[in-house]
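Trainee: sequence and predicted model, in that order:
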Number of protein chains: 2
Amino acid sequence: MSTNPTRVPQEERTRAMRARLMEATVECLVEYGFSGTSTTLVSQRAGVSRGAQLHHFPTKNDLVVAAVEHISTTRGAELAAAFAHAPTGVGRTRAVLELLAEHFTSPIFSAALELWVAARTDPALAEAVGPLEQRVGRETHQLTAAALGVDGNARGARELVQATLDLVRGLGLANTISDDTRRRARILDAWAVALDAQLLSSPDQSTTEGA
Amino acid sequence: MSTNPTRVPQEERTRAMRARLMEATVECLVEYGFSGTSTTLVSQRAGVSRGAQLHHFPTKNDLVVAAVEHISTTRGAELAAAFAHAPTGVGRTRAVLELLAEHFTSPIFSAALELWVAARTDPALAEAVGPLEQRVGRETHQLTAAALGVDGNARGARELVQATLDLVRGLGLANTISDDTRRRARILDAWAVALDAQLLSSPDQSTTEGA
């Protein structure tokens, strides 16, 4: 923290400007897709000059990766807070699945999906998106395991938590074209039962091993 | 079928040309993504004149939807044939999951994913992709239920089969950026055990109801 009081407003302005750019980028990705998103469009929407935008994020790839990373971190913290308020006892697993499904059908999922798919055919983008997805994936895994009350590194539980996250990713994708709410609710009901049964019968959870 | 023998070669040539266009379109979607795919690129790759290509598929959307539909149908038939040769008894479920995962990590999945994501922000494309995905989804559901030896319309079994397909869709998406083979194998091992346990304990499978 600077001890010079005159610098604080400038730092605050910069932080606010970066936050506006991040929000505008995610909004553009959601609305126009990766190919329809341009740095010009983003700076207009954010009300930030082209010069300032280019100073902070020289390329479109810099901008979109930073934005998805920033918003993922924010939304991850929101998910953690929501998990903390989920009911305990019977119904806990279903409630955790509901929160996960909400997370994977939210705008940030659509924005991340745009990046993910664009990275498939863009090696430079893939180099930035790969580590980001790994980090976010690992954090979501640990959060979810903790929310389900299991050791996410224990064999058996680890795979079931991963399967759960792959399931909600698939459900997120299914929801992008049409509203899949009713079908998704029935699937999550069935998954909650399967998950509870398997987690109860899975091998000793204290046998932690490397991921 | 025409009884005029002179028409047959022309029909065959047309059919072969359309098949080449379909294959080239899927290849372009896989290699360059939706935004990088153009009708010019496709006709060049297929060795088909621009005029002939435009005659059969006036727009890029016509071409990509027809291509993904055609190749999905072909690959769906291949999946059905593979299911028919899967081992019976113990290991059947895991083998069926393996074949599904291969299907959802193949190039046609990448091509379909490109269409799916592009359709998210392109209402005209969404109008064509929606019904296609519904039809393909329904067929894959029936195929998978039959392969698992359950009634895909029976409550309980229906949701477990759908969850399985959403899981492999999520796994397919996870595989687009990095090779996810080892992690996927462990997840499918765990899900095969859970699925068998749940299908055995699910409600009376003869209670068929509407989907």
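Mentor: The structure has been received and is ready for your questions.
Trainee: contacting residues for the residue nearest to the spatial centre of chain A?
Mentor: Nearest to the geometric centre of chain A sits A:Ser72, at 4.2 Å (CA atoms, centre = their mean). Residues counted as contacts of A:Ser72 (CB atoms under 8 Å, 6 or more residues apart in numbering or on different chains) are A:Ile108, A:Ala112, A:Leu132, A:Val136. Placement of C-beta: from N, CA and C, glycine included.
Trainee: before we go further, it is sitting in a strand, right?
Mentor: No. Applying DSSP: H, G, I helix; E, B strand; the rest coil, one finds A:Ser72 to be helix, outside a strand.
Trainee: tell me the predicted confidence for it.
Mentor: pLDDT, A:Ser72: 88.
Trainee: so in chain A, which helix runs the longest?
Mentor: Assignment by DSSP state H gives helix A:7-36 as the longest helix of chain A.
Trainee: how about the helices in chain A?
Mentor: A:7-36, A:39-46, A:50-56, A:60-84, A:92-104, A:107-120, A:123-147, A:157-174, A:181-201.
Trainee: list just the one of those helices that sits closest to B:Gln44.
Mentor: Evaluated over those, closeness to B:Gln44 peaks at helix A:7-36, with 21.1 Å, by CB to CB.
Trainee: buried stuff in that closest one?
Mentor: A:17-18, A:20-31, A:33-34 (16 or more other CB atoms under 10 Å in any protein chain shown).
Trainee: now flag whichever of the residues you listed is closest to A:Leu63.
Mentor: Ranked by distance to A:Leu63 (CB to CB), the buried residues of helix A:7-36 are led by A:Thr25 at 5.5 Å.
Trainee: how close does the closest residue to that closest one other than its chain neighbours get to A:Thr176?
Mentor: Nearest non-adjacent residue to A:Thr25, counting by CB to CB, 6 or more residues apart in numbering or on different chains: A:Ala67, 3.6 Å away. Taking CB to CB, to the nearest Å as the measure, A:Ala67 falls 19 Å from A:Thr176.
Trainee: compare these two (neighbour count), which wins?
Mentor: A:Ala67 (26 against 17; other CB atoms under 10 Å in any protein chain shown).
Trainee: my read is that the more buried one contacts A:Leu21, right?
Mentor: Yes. Counting by CB atoms under 8 Å, A:Ala67 touches A:Leu21, with 7.2 Å between them.
Trainee: how about low-confidence regions in chain A?
Mentor: A:1-7, A:202-211 (pLDDT under 70).
Trainee: 80 - rerun?
Mentor: Low-confidence segments of chain A, defined by pLDDT under 80: A:1-8, A:201-211.
Trainee: out of the contacts of A:Ser72, who's nearest B:Ser49?
Mentor: For these, the nearest to B:Ser49 is A:Ala112 (40.8 Å; CB to CB).
Trainee: which ones are touching the closest residue to the closest one other than its chain neighbours?
Mentor: What sits nearest to A:Ala112 in space, not counting adjacent residues and going by CB to CB, 6+ apart, is A:Val68, at 5.4 Å. A:Val68 makes contact with A:Thr25, A:Val26, A:Leu29, A:Ile108, A:Ala111, A:Ala112, A:Leu115, A:Leu132, according to CB under 8 Å, 6+ apart.
Trainee: let's see it at 7 Å
Mentor: The neighbourhood of A:Val68, defined by CB atoms under 7 Å, 6 or more residues apart in numbering or on different chains, consists of A:Val26, A:Ala111, A:Ala112, A:Leu115, A:Leu132.
Trainee: and these, which is closest to B:Gln10?
Mentor: Minimum distance to B:Gln10 across the contacts of A:Val68 is 46.6 Å, recorded for A:Leu115 (CB to CB).
Trainee: where's that closest one relative to A:Leu132, distance?
Mentor: According to CB to CB, A:Leu115 and A:Leu132 sit 8 Å apart.
Trainee: have a look at these two and say which one is more surrounded.
Mentor: Higher neighbour count among A:Leu115 and A:Leu132: A:Leu115, with 26 against 18, using other CB under 10 Å.
Trainee: pretty sure the more buried one is touching A:Val129, no?
Mentor: Yes. Under the criterion of CB atoms under 7 Å, A:Leu115 makes contact with A:Val129 at 5.5 Å.
Trainee: related to what we said a few turns ago, out of the helices of chain A, nearest to B:Leu160?
Mentor: helix A:181-201 (5.6 Å).
Trainee: buried ones in that closest one?
Mentor: So, applying 16+ other CB under 10 Å, buried residues of helix A:181-201: A:Arg183, A:Arg184, A:Ile187, A:Leu188, A:Ala190, A:Trp191, A:Ala192, A:Val193, A:Ala194, A:Leu195, A:Gln198, A:Leu199.
Trainee: which of these are close to chain B?
Mentor: Restricting these to those touching chain B (CB under 7 Å from any CB of the partner chain) yields A:Arg183, A:Ile187, A:Ala190, A:Trp191, A:Ala194, A:Gln198.
Trainee: closest to chain B among these?
Mentor: The shortest approach to chain B among those belongs to A:Ala190, at 3.8 Å (CB to the nearest CB).
Trainee: against B:Leu167, how distant is the closest one?
Mentor: For A:Ala190 relative to B:Leu167 (CB to CB), the value is 12 Å.
Trainee: same question, A:Ala147
Mentor: In terms of CB to CB, A:Ala147 sits 19 Å off from B:Leu167.
Trainee: more neighbours: those two, which one.
Mentor: Between A:Ala147 and B:Leu167, counted using other CB under 10 Å, the more crowded position is B:Leu167 (29 against 22).
Trainee: just give the nearest non-adjacent residue to the more buried one, would you?
Mentor: A:Leu167 (4.7 Å).
Trainee: identify the residues contacting stretch A:26-34?
Mentor: The contact list for stretch A:26-34 (CB under 7 Å, 6+ apart) reads A:37, A:41-42, A:45, A:64, A:67-68, A:71, A:107-108, A:110-111, A:114-115, A:118, B:118, B:120-121.
Trainee: selection in PyMOL covering whichever of those are buried, please.
Mentor: Those of those that count as buried under 16+ other CB under 10 Å are selected in PyMOL with:
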select buried, (chain A and resi 37+41+42+45+64+67+68+71+108+110+111+114+115+118) or (chain B and resi 118+120+121)
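Trainee: returning to what we had before: run the chain-centre distance for the longest helix of chain A.
Mentor: The chain centre lies 17 Å from the centre of helix A:7-36; the measure is CA atoms, centre = their mean, to the nearest Å.
Trainee: and the angle from it to helix A:123-147?
Mentor: Relative orientation of helix A:7-36 versus helix A:123-147 (axes from the mean of the first three to the mean of the last three CA atoms, to 10 degrees): 110 degrees.
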